[in-house]
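S.K.: heads up, no residue letters with this:
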């Protein structure tokens, strides 16, 4: 037990561990913020769709020798516009449009992998996350994108909330619904990409949805719900990274497990209280 | 205060189609500042379609709609307009908003998008909450409110930006008559004290003929009439509901809560 405690204290002294905590906290805060609005919009599946689409971008980046997060971002943004176009033109309803993009992105990834062969190990780290190996370039990217996302959503939180709550009335009020809606979907794509290093494309939807769900269980005001979701998300991520560093277990899996424990605890608290 | 003669909403030979069926045909009417208008008619007659077209949510296929003198397609002063839809109170029960938070969303307008609310905005929020009698529940979550309180919250939200005209689409569906009466009383106070123009789709004909100043009878065609002591409601209503329709209405029903004392 003493060995574990010493190891944990030692870990805080390492640059890679500090980077992991900083990147993890920023991604966790962005995911919880964007995720709460997605839950309220009943569009949590767009998170799942875009994260799988990002997989295609990652494979493409590895094949072309470009930072995979950049290509993942590009492909995810294209997917957002694709989903928006299909909805607008009546080609497919929202959930079907997401399913089409998910399949297209993922199959792109599979084709690229079979053509390239040989980057399976690196790809694995993007599929399941590898926050403890985050380098300075990735940390800068995660920090810039994460803080920008939080700043934009913080600035337009009322307008987004109004759009989510009552789109028709929001339109009457002069809120530019179409622009705001596309901008929000772009922020979802950005948030997913910046979280890939932390938790991986497969599990990123968990970080988007579970903290918000847990906070909603407490039946607080919107402001307190948002702050609670961010708090729970950061707590899950920090604990996940710490336990992962100490016990050498997959970080993404631990983060999801801890956040599910928080969800169960909030549910139990509400049941008992 | 009774309506003055300046029209703020005009429809001239308006036609609205949905899925290539004509739903509103050749409608012409004008609404003056301070009018309190009931929009009545049988189900499927086009009441909601008419409101949506007046708000430019649905395009009109013929004719002209003018709001505050401006063609509806070019109208930009939406901060003067509030709309409470049929579905407004059917929100997700667990939506994390308190009454004060929801009412504050009403302060968003083109000029302050992405900006901090001013002190005056918060004053307007609290004044709207007070006016609608919701001070005691201001910090309660909206999902915990009764049906009548929910309706008043949405009017308070609309009032927060001090609109000149409010459109309501069947706001009293599913609440008991005592609550309905209180709700109508609040709207009457609003109309009388602030001269806010109100257009409301409703099936409550008694309230329309007791409280309101004008009625639009909608069943594809739109018949309009100023409500006066001399108006025979049945002559008008038969045009929309059919010859077999008979509305039993006695003017003494308008005493007490329903009295149009300010008219």
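M.R.: Nice, I can see it. Because the structure is predicted, anything quoted here is derived from the model rather than measured. Residues are numbered from 1 along each chain as shown, chains lettered A, B, ... in the order given.

S.K.: Which secondary structure element of the chain has the lowest mean pLDDT?
M.R.: All of this refers to chain A. None of the helices or strands of chain A scores lower by mean pLDDT, DSSP states H and E than helix A:2-13, at a mean of 69.

S.K.: list the contacts for residue B:42?
M.R.: Listed by C-beta atoms under 8 Å, 6 or more residues apart in numbering or on different chains, the contact set of residue B:42 reads B:219, B:240, B:241, B:242. The C-beta positions use only the backbone N, C-alpha and C, and glycine is treated the same way.

S.K.: pLDDT score for the residue nearest to the third one when sequence neighbours are not counted?
M.R.: Going back to what we said before, that points to residue B:241. The shortest distance from residue B:241 to any non-neighbouring residue, by C-beta to C-beta, 6 or more residues apart in numbering or on different chains, is to residue B:42 (5.6 Å). Listed pLDDT for residue B:42 reads 89.

S.K.: So residue B:42, which state does it fall into?
M.R.: coil (DSSP: H, G, I helix; E, B strand; the rest coil).

S.K.: Please indicate which of the contacts of residue B:42 are buried?
M.R.: Buried members of the contacts of residue B:42, scored by 16 or more other C-beta atoms under 10 Å in any protein chain shown, are B:219, B:240, B:241.

S.K.: Save the residues you listed as JSON lines, and put in secondary structure too.
M.R.: Formatted as JSON lines, these follow (three-state DSSP):
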{"residue": "B:219", "secondary structure": "strand"}
{"residue": "B:240", "secondary structure": "helix"}
{"residue": "B:241", "secondary structure": "helix"}
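
S.K.: Chain B contacts on the stretch 151-273 of chain A?
M.R.: A:155-156, A:158-159, A:161-162, A:165-166, A:168-176, A:215-216, A:219-223, A:225 (C-beta under 8 Å from any C-beta of the partner chain).

S.K.: quick one: the helices in chain B?
M.R.: Ranges of helices within chain B are B:47-54, B:99-105, B:119-131, B:147-159, B:177-194, B:205-211, B:233-241, based on DSSP state H.

S.K.: how many degrees apart are the last one and helix B:47-54 in direction?
M.R.: Read that as helix B:233-241. Angle, helix B:233-241 to helix B:47-54, by axes from the mean of the first three to the mean of the last three C-alpha atoms, to 10 degrees: 80 degrees.

S.K.: Which secondary structure elements does helix B:233-241 sit against?
M.R.: Counting contacts by 3 or more C-beta pairs under 8 Å, 6 or more residues apart in numbering or on different chains; DSSP states H and E, helix B:233-241 is packed against helix B:205-211, strand B:214-219, strand B:221-226.

S.K.: which one of the ones you listed lies closest to chain A?
M.R.: Chain A lies closest to strand B:214-219 among these, at 19.7 Å (C-beta to the nearest C-beta).

S.K.: residues in contact with that closest one?
M.R.: B:24, B:29, B:31, B:35-42, B:45-47, B:50, B:199, B:208-209, B:222-227, B:236-237, B:239-241.

S.K.: Also compute the angle for that strand relative to strand B:221-226, please.
M.R.: 160 degrees.

S.K.: Let me see the mean pLDDT of strand B:214-219.
M.R.: 92.

S.K.: Pull the distance from the helix or strand residue A:269 falls within to the chain's centre.
M.R.: Residue A:269 belongs to helix A:251-272 when assigned by DSSP states H and E. Offset of helix A:251-272 from its chain centre (C-alpha atoms, centre = their mean, to the nearest Å): 17 Å.

S.K.: Stretch B:46-55 too?
M.R.: 11 Å.

S.K.: which one of the contacts of residue B:42 sits closest to residue A:23?
M.R.: Nearest to residue A:23 out of these is residue B:219 (C-beta to C-beta; 63.1 Å).

S.K.: and residue A:65, how many neighbours does it have?
M.R.: 7 (other C-beta atoms under 10 Å in any protein chain shown).

S.K.: pLDDT score assigned to it?
M.R.: 88.

S.K.: before we move on, what about the one 10 residues further on?
M.R.: With respect to pLDDT, residue A:75 scores 93.

S.K.: and if you look at the one 4 residues further on?
M.R.: Here, the pLDDT recorded for residue A:79 equals 92.

S.K.: and the host helix or strand of it, which residues are buried?
M.R.: Element membership for residue A:79 (DSSP H and E) is helix A:68-88. Buried residues in helix A:68-88, counted by 16+ other C-beta under 10 Å: A:68-69, A:71-80, A:82-84, A:86-87.

S.K.: rewinding a little: will you turn the helices of chain B into JSON lines that also has mean pLDDT and distance to residue A:134?
M.R.: Shown next, in JSON lines, are the helices of chain B (pLDDT from 0 to 100; distance: least, C-beta to C-beta, whole Å):
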{"stretch": "helix B:47-54", "mean pLDDT": "93", "distance to residue A:134": "51"}
{"stretch": "helix B:99-105", "mean pLDDT": "96", "distance to residue A:134": "37"}
{"stretch": "helix B:119-131", "mean pLDDT": "92", "distance to residue A:134": "42"}
{"stretch": "helix B:147-159", "mean pLDDT": "88", "distance to residue A:134": "44"}
{"stretch": "helix B:177-194", "mean pLDDT": "83", "distance to residue A:134": "57"}
{"stretch": "helix B:205-211", "mean pLDDT": "85", "distance to residue A:134": "65"}
{"stretch": "helix B:233-241", "mean pLDDT": "78", "distance to residue A:134": "68"}
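
S.K.: Select, out of those helices, the one closest to residue A:249.
M.R.: So among these, helix B:99-105 is nearest, using C-beta to C-beta, at 40.5 Å.

S.K.: so who does residue 84 touch?
M.R.: Here I'm looking at chain A. Taking C-beta under 8 Å, 6+ apart as the definition, contacts of residue A:84 comprise A:181, A:182, A:185.

S.K.: meant chain B actually
M.R.: A:169, B:154, B:155, B:158, B:166, B:167, B:168, B:169, B:171.

S.K.: In CSV, list those residues along with distance to residue B:215 and neighbour count.
M.R.: Output for the contacts of residue B:84, formatted as CSV (distance: C-beta to C-beta, whole Å; neighbours: other C-beta atoms under 10 Å in any protein chain shown):
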residue, distance to residue B:215, neighbour count
A:169, 25, 23
B:154, 23, 25
B:155, 21, 27
B:158, 22, 28
B:166, 17, 21
B:167, 15, 24
B:168, 15, 25
B:169, 16, 21
B:171, 17, 24
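
S.K.: residue nearest the centroid of chain A?
M.R.: residue A:192 (3.8 Å; C-alpha atoms, centre = their mean).

S.K.: What's the mean pLDDT across the helix or strand hosting it?
M.R.: Applying DSSP H and E as the criterion places residue A:192 in helix A:177-217. The average pLDDT within helix A:177-217 is 91.

S.K.: need the contact list for residue A:39.
M.R.: Residue A:39 neighbours (C-beta under 8 Å, 6+ apart): A:209, A:212, A:213, A:216.

S.K.: try it again with 10 Å
M.R.: By C-beta atoms under 10 Å, 6 or more residues apart in numbering or on different chains, the residues touching residue A:39 are A:47, A:164, A:208, A:209, A:210, A:211, A:212, A:213, A:215, A:216, A:229, B:96.

S.K.: just checking, residue B:201 touches residue B:39?
M.R.: Yes. Between residue B:201 and residue B:39 there is a contact under C-beta atoms under 10 Å: 4.5 Å.

S.K.: Between these two, which contacts overlap?
M.R.: Common neighbours of residue B:201 and residue B:39 (C-beta under 10 Å, 6+ apart) are B:47, B:48, B:50, B:51, B:167, B:168, B:169, B:170, B:216, B:218.

S.K.: Please consider this matter closed, and thank you.
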